[in-house]
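# next come a sequence and a model predicted from it.
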Amino acid sequence: MTSVVALIIVLLVALAWVVVRRRWVIVTVRGVSMAPTLENGQRLLVRRQTAPPYSVGEIVVFPVAHPDPAVRARVPRLRVKRVVATEGDPMPSWMHERVGRDSFPRDSGLVPGGYVVVAGDNKRSEDSRHFGLVDASAVIGAVKLREGRSILPK
C-alpha cells in the first residue's frame with residue numbers, strides 16, 4: 001500500500017513539474033543591453049504567454065534568428081528587451097529610418113497589428129533599431145521575476 005501511495009506522489013510531482021515548465025521558463029541574461037536594469041548573468045523567471053498583447057514597459061523574451069549561420073552561432077538565441085511601442089502606438093522617431101528596410105506600411109506612422117517595438121535599456125543595445133519590428137506572436141513571454149529582485153512592474 002505504501003509503495004502505491006509513493007508512486008502516486010511521484011506521479012503527481014512529475015505532473016506538476018510538467019505543468020510548471022509549460023507555463024514558466026528560466027532565462028539567463030547574457031550581455032549588457034538591459035543594464036542597469038538587468039545584469040549579465042542574472043536569471044529571470046519568464047511566464048510564457050501564448051497570445052499578446054504586451055504592454056509598453058514590459059520586459060519580454062523572444063528569439064532572433066540571423067540569416068547567416070556564422071553569425072547565428074555567435075549571437076544569443078533569445079533576446080531580452082523592453083517593449084517601447086505596441087500595435088497602434090505611434091512609431092518611435094528612431095524607427096523612422098528603419099521603415100524603408102522593413103515590409104510594413106510607411107505612411108501610417110503607427111506600429112502595425114501583431115508587432116511590437118523593443119529596445120534595450122542600455123544605449124548600446126542591439127534592438128528594433130537593428131533588427132526591426134518583433135512579431136508579437138513570436139514573443140515567448142514576459143519577465144515576472146528577476147534574481148535578487150521582486151516582481152517587475154507591468
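Ah, there it is. Residues are numbered from 1 along each chain as shown.

# and the longest strand belonging to the chain, which strands flank it?
Ranked by residue count and defined by DSSP state E, the top strand of the chain is strand 78-85. With DSSP bridges as the test, strand 78-85 is paired with strand 59-63 (antiparallel), strand 115-119 (antiparallel).

# pLDDT weak spots in the protein?
For the chain, applying pLDDT under 70 flags the ranges 1, 20-21, 51-52, 65-68, 71-76, 96-107, 149-154.

# dig out what the most centrally placed residue in it forms beta bridges with.
Nearest residue to the geometric centre of the chain (CA atoms, centre = their mean): residue 61, 1.4 Å. Residues in a beta bridge with residue 61, per DSSP bridges, are residue 80, residue 141.

# is it true that it touches residue 146?
No. Using CB atoms under 8 Å, residue 61 is not in contact with residue 146, being 11.9 Å away. Backbone N, C-alpha and C define where each C-beta goes, glycine included.

# helices of the chain, residue ranges please.
Remark: helices assigned in the chain by DSSP state H are 2-23, 69-74, 128-131.

# contacting residues around the first one?
Residues outside helix 2-23 that contact it (CB atoms under 8 Å, 6 or more residues apart in numbering): 47-48.
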